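Q: Below are the sequence and a predicted model for it; my questions follow.
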Amino acid sequence: MSPDTTPAQDAKPSRVLAVVDIGASSIRLHIASADAAGVVRPLDTARQTVELGKDTFKRGEIAAETTERCVAALRSFRRLLDEYGVSDPAQIRAVATTAVREASNGESFLDRLYIATGINVEAIDEGEVNRYTYLSVKPVLDADPAFRKADALIVEVGGGGTRFLALQAGRVAVAQSHRMGALRIREMLEGIHTPASRLPDLLASQVESAVKEIRHSVPLSGKPALLMLGNDARFAASILQENWNPETATRLRVSSLAKLADNLLRKPVDEIVRTHRLAYADAETLGPALLTYVRLAEAFDLPSVFVTGASVRDGIVAEMVRDTWTEELTAQVENSAVELGRRYGFEEPHGRNVARSARALFRVLQPEHRLEARYELLLVVAALLHEIGLYVGNRSHHKHSMYLIQNSDIFGLGNRDREIAALVARYHRKALPQANHPEYMALDRDSRLAVSKLAAILRVADALDRRHGAGPSETRFDLAEGRLTITLRGIPDTVVEEIGLQLKGDLFREVYGLAVTLQTESV
């Protein structure tokens with residue numbers, strides 16, 4: 001045996017991973033293996049119908065009976081997990097979405113699941129769901145020329161809401177979620193006393209309203225490729241396309257999809273259950289969901305749409321297997337931030353200059369702040385958007401910037417990350433972080449420290465671009481012997497920048513305790 005040959009018995013075994021996804025109408029388990037190269041292979045799936053959405057969307061809370069059905073479902077999943085040797089909590093990622101997040105007793109519901117099953121379920125927000133959605137469909141986008149570098153609209157109509165990603169030339173321009181889901185629409189209308197014969201028309205009118213809202217939010221002006229996700233879309237593909245392959249993007253004609261949607265809307269749910277052997281919860285959402293896809297396609301004048309079997313669970317597995325915060329993904333987040341800035345008429349060259357200096361300074365100061373790489377992205381987002389509050393008004397625009405970032409969709413960022421970026425932008429001027437600032441004090445200690453460290457960097461980066469585009473052609477940062485030396489090229493003197501540092505360098509000195517020297521260098 002040559003020295004370069006590795007015996008088969010010494011090969012690193014595959015890891016077995018599991019994802020539990022608690023949705024509005026069902027709980028799903030996805031088990032997969034990942035080899036040393038990161039190649040994922042599906043092993044098994046399981047599904048239990050539990051209608052949390054009906055509780056949350058009708059009463060605002062999850063009933064005790066529904067909670068216990070969820071416990072029973074997770075216990076049955078636990079037995080399957082044991083068969084595959086999945087016992088380490090690091091092997092399992094369990095998430096819950098809209099129906100749990102919106103329930104007034106969502107936290108106690110999650111506590112009950114953990115106490116009863118030992119499975120720690122996390123209620124993830126829409127920013128995280130959008131990121132997992134993108135990760136799940138990226139292999140399909142990369143493989144199909146219909147999507148590669150083209151405008152595309154990726155849509156999933158869920159029970160509690162409709163989420164979409166709008167891509168321009170392969171870049172995420174908008175990632176949003178709307179609270180108009182298939183189950184929510186049906187639950188809302190079934191509470192209205194009306195003849196059953198009128199229900200299809202009422203459903204159609206609600207769908208039309210939701211589609212108009214979504215269409216208004218999408219910046220795509222041409223004819224994007226529309227990729228449908230979700231259980232209802234997969235059902236349509238299985239009916240309309242013989243031997244469809246869920247691993248690729250399958251094309252469906254909109255006219256055929258419209259006929260199927262109309263047929264399902266006109267049938268009683270009981271008949272759909274019998275005809276297609278579906279769970280009642282699945283049969284309820286089919287008509288409204290497929291009609292939403294049809295109306296979206298018609299809004300863009302599309303003759304056909306695409307379906308793939310990819311799901312959020314695939315994106316979660318991908319993140320469990322490898323670091324998905326690649327340069328490509330962070331570039332998508334930054335592009336989404338730039339698109340948000342443009343919406344509010346920000347001074348883009350200034351934002352980009354400040355972001356460039358902030359990124360460089362973050363890297364130079366790594367031995368001092370010791371923050372993980374993800375915080376660099378949050379700093380860049382804050383730097384790009386630190387002045388969008390000027391859209392509201394000049395007075396207290398730093399506070400307006402915080403509010404706009406907090407309440408806007410930025411692709412890939414969950415609520416906590418967006419909150420940190422918003423606070424960093426808020427502290428780019430005026431008051432330093434203080435104990436009487438409620439948003440700042442609502443964070444845990446580590447997050448508060450991170451905000452202070454990042455805001456200190458942002459204030460310096462902003463001070464170095466006080467000339468707003470007419471400043472240095474290049475900026476270099478050097479850290480040595482307790483001193484930060486900033487070298488500016490392409491300007492005759494550093495007077496303007498020194499004034500800026502006098503005004504904004506207080507937090508930097510307080511956090512890092514470093515002396516700062518400015519110097520110029522000829523081009």
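A: Everything's here; your move.
Q: Relative to Gly38, how far out is the residue nearest to Asp142 when sequence neighbours are not counted?
A: Closest residue to Asp142 apart from its sequence neighbours, by CB to CB, 6 or more residues apart in numbering: Arg148 at 6.5 Å. No exception for glycine: its C-beta is placed from N, CA and C like everyone else's. Using CB to CB, to the nearest Å, Arg148 is found at 22 Å from Gly38.
Q: Name the residue in these two with the higher neighbour count.
A: Neighbour totals were compared for Arg148 and Gly38, and Arg148 leads with 13 against 10 (other CB atoms under 10 Å).
Q: In what element of secondary structure is that one found?
A: Counting by DSSP states H and E, there is no helix or strand that carries Arg148.
Q: my guess is it contacts Val140, does it?
A: No. Counting by CB atoms under 8 Å, Arg148 stays clear of Val140, with 10.2 Å between them.
Q: Show me where the stretch 301-450 of the chain has its helices.
A: 312-321, 327-343, 348-364, 366-369, 374-385, 397-406, 415-426, 438-441, 445-463 (DSSP state H, counting those that start in this stretch).
Q: With respect to Glu208, which of the ones you listed lies nearest?
A: The closest of the helices of the stretch 301-450 of the chain to Glu208 is helix 327-343. By CB to CB, the value is 25.2 Å.
Q: Let me see the backbone angles for Arg277.
A: phi 50, psi 50 (degrees, to the nearest 10).
Q: Tell me, how many residues neighbour Trp510?
A: Careful, residue 510 is Glu and not Trp. 12.
Q: An error on my part: the question was meant for Phe147.
A: 22.
Q: which residues does it contact?
A: Val140, Leu141, Leu167, Gly170, Ala225, Leu227, Ala249 (CB atoms under 8 Å, 6 or more residues apart in numbering).
Q: now the stretch 151-300 of the chain, which segments are flagged as low pLDDT?
A: Applying pLDDT under 70 to the stretch 151-300 of the chain flags the ranges 186-200.
Q: And the strands in it?
A: 152-157, 162-168, 171-178, 225-229, 250-253 (DSSP state E, counting those that start in this stretch).
Q: so Leu385 touches Ser336, yeah?
A: No. Here Leu385 does not reach Ser336: they are 10.6 Å apart, not a contact under CB under 8 Å.
Q: So for these two, which residue has more residues nearby?
A: Set side by side, Leu385 and Ser336 show more neighbours around Leu385, with 28 against 25, by other CB under 10 Å.
Q: and the residue nearest to Ser76 when sequence neighbours are not counted, helix, strand or coil?
A: With CB to CB, 6+ apart as the criterion, Ser76 has its nearest non-adjacent residue at 6.9 Å, and that residue is Gln48. Following DSSP: H, G, I helix; E, B strand; the rest coil, we place Gln48 in the strand state.
Q: Identify the residues contacting Ala210.
A: Residues near Ala210 by CB under 8 Å, 6+ apart: Thr162, His178, Met180, Ile185, Thr292.
Q: change it to 10 Å
A: Ala210 makes contact with 157, 161-162, 178-182, 184-185, 288, 292, 295-296 under the criterion CB atoms under 10 Å, 6 or more residues apart in numbering.
Q: can you check Val354 too?
A: Counting by CB under 10 Å, 6+ apart, Val354 touches 347, 380, 382-384, 386-387, 428, 458, 460-465, 468.
Q: Narrow the residues you listed to those that are buried.
A: 380, 382-384, 386-387, 428, 458, 460-465 (16 or more other CB atoms under 10 Å).
Q: C-alpha coordinates for stretch 507-516, PDB please?
A: The C-alpha trace of stretch 507-516 is given here as PDB (Å, rounded to 0.1, in the frame of the first residue of the first chain):
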ATOM      1  CA  LEU A 507     -16.200  56.500  21.300                       C
ATOM      2  CA  PHE A 508     -13.200  55.100  19.500                       C
ATOM      3  CA  ARG A 509     -10.900  56.300  22.200                       C
ATOM      4  CA  GLU A 510     -13.200  55.100  25.000                       C
ATOM      5  CA  VAL A 511     -13.600  51.600  23.500                       C
ATOM      6  CA  TYR A 512     -10.200  50.900  22.100                       C
ATOM      7  CA  GLY A 513      -7.900  53.100  24.100                       C
ATOM      8  CA  LEU A 514      -5.700  53.700  21.100                       C
ATOM      9  CA  ALA A 515      -3.800  56.800  20.100                       C
ATOM     10  CA  VAL A 516      -4.700  57.800  16.500                       C
END
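Q: what's the offset of it from the middle of its chain?
A: Distance, stretch centre to chain centre, for stretch 507-516: 34 Å (CA atoms, centre = their mean, to the nearest Å).
Q: Next, the buried residues of that stretch.
A: For stretch 507-516, the neighbour count (16+ other CB under 10 Å) marks Leu507, Phe508, Val511, Tyr512, Val516 as buried.
Q: what do you get for stretch 331-338?
A: By 16+ other CB under 10 Å, the buried positions in stretch 331-338 come out as Gln332, Val333, Glu334, Asn335, Ser336, Ala337, Val338.
Q: And for stretch 160-174?
A: 160-168, 170-174.
Q: could you redo these as JSON lines and give each row distance to Ala318?
A: Converted to JSON lines, these look like this (distance: CB to CB, whole Å):
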{"residue": "Gly160", "distance to Ala318": "24"}
{"residue": "Gly161", "distance to Ala318": "23"}
{"residue": "Thr162", "distance to Ala318": "23"}
{"residue": "Arg163", "distance to Ala318": "18"}
{"residue": "Phe164", "distance to Ala318": "20"}
{"residue": "Leu165", "distance to Ala318": "16"}
{"residue": "Ala166", "distance to Ala318": "21"}
{"residue": "Leu167", "distance to Ala318": "18"}
{"residue": "Gln168", "distance to Ala318": "23"}
{"residue": "Gly170", "distance to Ala318": "18"}
{"residue": "Arg171", "distance to Ala318": "20"}
{"residue": "Val172", "distance to Ala318": "16"}
{"residue": "Ala173", "distance to Ala318": "22"}
{"residue": "Val174", "distance to Ala318": "22"}
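Q: and which of the buried residues of stretch 331-338 is nearest Asn130?
A: The closest of these to Asn130 turns out to be Ser336 (CB to CB; 9.5 Å).
Q: How about the contacts made by the closest residue to the closest one other than its chain neighbours?
A: Distances taken as CB to CB, 6+ apart place Phe411 nearest to Ser336, at 3.7 Å, with adjacent residues excluded. Phe411 makes contact with 127, 130-131, 134, 165-167, 171-176, 329, 332-337, 339-340, according to CB under 10 Å, 6+ apart.
Q: measure Met320 to Met180 for me?
A: Separation of Met320 from Met180 (CB to CB) stands at 31 Å.
Q: now the nearest residue to Val364 once chain neighbours are set aside, which residues is it bridged with?
A: The spatially closest residue to Val364, leaving aside those adjacent along the chain, is Phe477, at 4.4 Å (CB to CB, 6+ apart). Beta-bridge partners of Phe477, counted by DSSP bridges, are Ile486.
Q: Could you check how far Phe477 is from Ala382?
A: Counting by CB to CB, the gap from Phe477 to Ala382 is 18 Å.
Q: again with Leu514
A: For Leu514, the distance to Ala382 equals 21 Å [CB to CB].
Q: can you pull the contacts of the residue lying closest to His369 once chain neighbours are set aside?
A: The shortest distance from His369 to any non-neighbouring residue, by CB to CB, 6+ apart, is to Lys453 (4.5 Å). Contacts for Lys453 (CB under 10 Å, 6+ apart) come out as 362, 365, 368-371, 375, 379, 424, 507-508, 511-512.
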